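> Fold the following and give me the result.
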Amino acid sequence: MIAVQPTKPSEEEIEDDDVGEAARTAQDVTETVLQLRMDNEEKQRQLIIAQQRLVNLKRKKKQRFQMFFYLKI
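Now for the predicted structure:
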């Protein structure tokens, strides 16, 4: 029977693992930041649309009021 001893990873292999882990972490952070930016931009877009709708509703209400006022005269 041959005894097999586990080999210790070399410093180079350890550094490669660290670099790989750092790259994965950086990728995860980048993806998270991009997703948050996209979510923020979508919320801003929805807010702008809601504000435009509100302005349009106020304008229509004012026009109706003016139209009824002129019809009474």
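> secondary structure element for residue 17?
Assigned by DSSP states H and E, residue 17 belongs to helix 11-72.
> and that helix, how far from the chain's centre?
Here the centre of mass of C-alpha atoms in helix 11-72, compared against the chain's by C-alpha atoms, centre = their mean, to the nearest Å, lies 7 Å away.
> Which secondary structure elements does that helix sit against?
The helices and strands touching helix 11-72, judged by 3 or more C-beta pairs under 8 Å, 6 or more residues apart in numbering; DSSP states H and E, number zero. Bear in mind the C-beta positions are built from the backbone N, C-alpha and C, glycine included.
> change the start of the numbering to 124 and stick with it
Got it, the first residue is 124 from now on, which makes the last one we talked about helix 134-195.
> and residue 184, how many neighbours does it have?
10 (other C-beta atoms under 10 Å).
> ugh, wrong one, I meant residue 178
The number of residues near residue 178, taken as other C-beta under 10 Å, comes to 10.
> now do residue 185
Neighbour tally, residue 185, other C-beta under 10 Å: 10.
> Can you tell me how far it is from residue 179?
According to C-beta to C-beta, to the nearest Å, residue 185 stands 11 Å off from residue 179.
> ok, now residue 168?
17 Å.
> cool, and residue 167?
19 Å.
> Poorly predicted segments of this protein, please.
Applying pLDDT under 70 to the chain flags the ranges 124-139, 196.
> Thanks a lot, catch you later.
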